[in-house]
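>>> starting from these lines, generate the structure:
(2 chains)
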Number of protein chains: 2
Amino acid sequence: MIPSQIRQFIEKFSRLPSIGPRLATRLSFYILGLSKAERQELELALRGLNTLDRCPRCFFLKSENKQLCDICADPRRNPAVIAIVEKETDILSLERARKFNGHYLMLGDLPEKGTLETVHKSRLQHLKTRIESELNGKAKELIIALNPTTFGDFVASIIKQDFKNHTESITRLGRGIPTGGEIEFADEETLGSALERRM
Amino acid sequence: MIPSQIRQFIEKFSRLPSIGPRLATRLSFYILGLSKAERQELELALRGLNTLDRCPRCFFLKSENKQLCDICADPRRNPAVIAIVEKETDILSLERARKFNGHYLMLGDLPEKGTLETVHKSRLQHLKTRIESELNGKAKELIIALNPTTFGDFVASIIKQDFKNHTESITRLGRGIPTGGEIEFADEETLGSALERRM
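As a prediction, this is how the structure comes out:
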């Protein structure tokens, strides 16, 4: 009963995260109600993503016509302080906090458990080479900005071991009660960290 | 800091219903992680919507290379019974119920209050012409399948008045407690209708 074009749209778009068949259906009819110009804007915006690739230095995203991403190319940032993050949105969150002026290494999505995959290992190796060639073998600080989960802790311990001769210091993001959070609902580990690192 | 292509994507897609800037951001990175083939599938699915237009008889959607929509073109359906609906998703919902075998007239999105707009009036006029030319001036039944809201009631009363000489009967969808609903939480009007129309 539904034209095949709409079925196609629903099938493809309902696979995206947080978009089930119901929302995909609504979206298809909403888009059909847009003007031709507005629809073309969506098409162009989607197609525009094809002109991006990875920064060869930190693995964040960059325009395909640039050598490096905007962060790596920014001369006002300190290349000797490097935050190791999992994914793009983590970089965006850290940038939004406006407290970090160093560079990044993006590891890529980590599995929830198990061990590091080839892509992660090769990016860590790449960071070592970067420290050797750019910073004379020693970074000033490596900030391990991985999620405070068991697996994040595990990966952090690997990185600490691995980079101990390549940096003056290695830190992790502080743990404690989130601003606006309630002591009553904090778990024991968080509360333990909050006590240990009381300000 | 974010490449302009991603900013563009977020800006355009966050305007779609139920997709705010947060989800649009997630979607952009998710899509960037897809293979080239998968991304192209999304592009094709989006572009495919351009090959649709409106059925000239009921105003539902049809492929641009067809004369009528699949419902109007189906010879097993009864053209003398016509459901007047607001939008595409209402047609899909009624079709899913598998209890209706007639044809449709889609009015298009109704304002929440006020009065009928030109597009709605011209589609109603179009339905009248359709009844005159196809059904010898009289439909068997018009089912007003508009939402049971104050404005829906108002529009229904206009249609009833307007079509009283063009149909043998005019009905509206039954009102009552939704299946799985609870009497405790039903409002007075619903409960009143449920009592009046007890089965």
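
>>> give me the contact status of the lengthiest strand in chain A with chain B.
Ranked by residue count and defined by DSSP state E, the top strand of chain A is strand A:78-85. No: using C-beta under 8 Å from any C-beta of the partner chain, we find that strand A:78-85 stays clear of chain B, coming within 12.8 Å at best. (C-beta placed from N, C-alpha, C; glycine too.)

>>> check which residues of that strand are buried.
Using 16 or more other C-beta atoms under 10 Å in any protein chain shown as the test for burial, strand A:78-85 gives A:79-85.

>>> next SSE downstream of that strand?
The first helix or strand that comes after strand A:78-85 along the chain, using DSSP states H and E, is helix A:88-97.

>>> now the element after that next one, going C-ward?
Once the chain leaves helix A:88-97, the next helix or strand it forms, by DSSP H and E, is strand A:102-106.

>>> remind me what that following strand packs against, helices and strands.
Identification of packing neighbours for strand A:102-106 by 3 or more C-beta pairs under 8 Å, 6 or more residues apart in numbering or on different chains; DSSP states H and E yields strand A:78-85, helix A:88-97, helix A:118-134.

>>> widest-spaced pair of the buried residues of strand A:78-85?
Spatial extent of those (C-beta to C-beta) is set by the pair A:Ala80 and A:Val85 at 17.1 Å.

>>> closest one of the buried residues of strand A:78-85 to chain B?
Nearest to chain B among the buried residues of strand A:78-85 is A:Val85, at 12.8 Å by C-beta to the nearest C-beta.

>>> OK, contacts around that closest one?
Contacts here follow C-beta atoms under 8 Å, 6 or more residues apart in numbering or on different chains; on that basis A:Val85 touches A:91, A:94, A:104-107, A:145-146.

>>> hmm, which two among these are most spread apart?
Most distant of the contacts of A:Val85, by C-beta to C-beta, are A:Leu94 and A:Leu107, 13.9 Å apart.

>>> more neighbours, the two?
Between A:Leu94 and A:Leu107, A:Leu107 has the larger neighbour count (other C-beta atoms under 10 Å in any protein chain shown), namely 23 against 18.

>>> the closest residue in space to A:Gly108 that isn't next to it in sequence: neighbouring residues, count only.
Nearest residue to A:Gly108, sequence neighbours excluded (C-beta to C-beta, 6 or more residues apart in numbering or on different chains): A:Val119, at 5.3 Å. Residue crowding around A:Val119 was assessed by other C-beta under 10 Å; the count is 12.

>>> next: the one 5 residues further on.
If you count neighbours by other C-beta under 10 Å, A:Leu124 ends up with 18.

>>> hmm, A:Gln161 and it touching each other?
No: with contact defined as C-beta atoms under 8 Å, A:Leu124 does not count as touching A:Gln161 (11.2 Å).

>>> gap between the residue most central in space within chain A and chain B?
Chain A has A:Lys87 as the residue nearest its centroid, 1.9 Å off, counting by C-alpha atoms, centre = their mean. Distance of A:Lys87 to chain B, computed by C-beta to the nearest C-beta, to the nearest Å: 7 Å.

>>> pass me the low-pLDDT residue ranges in chain A, would you?
A:199 (pLDDT under 70).

>>> ok, and the closest non-adjacent residue to A:Asn78?
Using C-beta to C-beta, 6+ apart, the nearest residue to A:Asn78 is A:Gly102, at 5.0 Å.

>>> pretty sure that neighbour is touching A:Ile143, no?
Yes: using C-beta under 8 Å, A:Gly102 makes contact with A:Ile143 at a distance of 7.4 Å.

>>> find residues that contact each of those two.
With C-beta under 8 Å, 6+ apart as the test, A:Gly102 and A:Ile143 both reach A:81-83.

>>> before we move on, the earlier item: tell me which residues touch the residue nearest to A:Asn78, please.
The contact partners of A:Gly102, taken as C-beta under 8 Å, 6+ apart, are A:77-83, A:141, A:143.

>>> likewise for A:Asp53?
Counted by C-beta under 8 Å, 6+ apart, A:Asp53 has contacts A:61-62, A:64.

>>> now these as TSV including distance to A:Ala156?
Shown next, in TSV, are these (distance: C-beta to C-beta, whole Å):
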residue	distance to A:Ala156
A:Leu61	24
A:Lys62	27
A:Glu64	33
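
>>> now, which of these lie within strands?
Secondary structure from DSSP E places A:61-62 of the contacts of A:Asp53 in strands.

>>> domain-wise, how is chain A divided?
Annotated domains of chain A cover A:4-52, A:53-172 [automatic domain parsing].

>>> including distance to B:Asp153, could the ones you listed go into JSON lines?
As requested, those are exported to JSON lines (distance: least, C-beta to C-beta, whole Å):
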{"stretch": "domain A:4-52", "distance to B:Asp153": "24"}
{"stretch": "domain A:53-172", "distance to B:Asp153": "47"}
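
>>> closest to B:Glu38 out of those?
Minimum separation from B:Glu38 across these (C-beta to C-beta) falls at domain A:4-52, 8.5 Å.

>>> any idea how far the closest one is from the chain center?
Relative to the mean C-alpha coordinate of its chain, domain A:4-52 is positioned 25 Å out (C-alpha atoms, centre = their mean, to the nearest Å).

>>> can you check the distance spanned by it, start to finish?
31 Å (C-alpha to C-alpha, to the nearest Å).

>>> quick check: closest non-adjacent residue to A:Glu189.
A:Arg175 (8.0 Å).

>>> what secondary structure does the one you found sit in?
Assigned state for A:Arg175: coil (three-state reduction, DSSP: H, G, I helix; E, B strand; the rest coil).

>>> just checking, it touches A:Ala194?
Yes: A:Arg175 is in contact with A:Ala194 according to C-beta under 8 Å; the separation is 7.2 Å.

>>> more neighbours, these two?
A:Ala194 (18 against 15).

>>> thought the more buried one was touching A:Ile177?
Yes: counting by C-beta under 8 Å, A:Ala194 touches A:Ile177, with 5.1 Å between them.

>>> overlap in contacts, those two.
With C-beta under 8 Å, 6+ apart, A:Ala194 and A:Ile177 have common neighbours A:Ala186.
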